[in-house]
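J.: My questions are about this predicted structure, shown below with the sequence.
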Amino acid sequence: MKEIPISQARPKLAELVGRVARGKQYIIAQQGKRGAEKAVLVGLAEFEGMKRQLEFRALMQETRTQLRAALEVEQPLDDDAAMELANRVIHEFRRERRARRA
């Protein structure tokens, strides 16, 4: 990822946006009163992908919290333990559904 000063980015913004839309990434930096300030310029498709990843991670965290509460599990869950608990819940729901149909 290439870092460029804001003074160079400003006159070339249209060109940078075109490059970013095609997959490039840039860090735009400026010296401010609080020191160096930086921003990342990425394409919309890449940004939306990162946003979906963050939303998925939040959903997984929420699911883990709900599983722990529903199953009265007190310790934190790693990925494997969370998947195992999710499988147990799914099998239990399926068993209950089959019992109601019978």
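T.: Received, thanks.
J.: Now do the helix of greatest length in the chain: distance to the chain's middle.
T.: Longest helix of the chain, by residue count under DSSP state H: helix 44-70. Averaging C-alpha positions (CA atoms, centre = their mean, to the nearest Å) puts helix 44-70 6 Å from its chain's average.
J.: Would you tell me what the next helix or strand after it is?
T.: Once the chain leaves helix 44-70, the next helix or strand it forms, by DSSP states H and E, is helix 79-101.
J.: What residues sit buried inside that next one?
T.: 82, 85 (16 or more other CB atoms under 10 Å). Where C-beta positions appear, they are placed from N, C-alpha and C, glycine not excepted.
J.: how many degrees apart are it and helix 44-70 in direction?
T.: 70 degrees (axes from the mean of the first three to the mean of the last three CA atoms, to 10 degrees).
J.: In terms of secondary structure, what does helix 79-101 contact?
T.: Helices and strands touching helix 79-101, as assessed by 3 or more CB pairs under 8 Å, 6 or more residues apart in numbering; DSSP states H and E, comprise helix 44-70.
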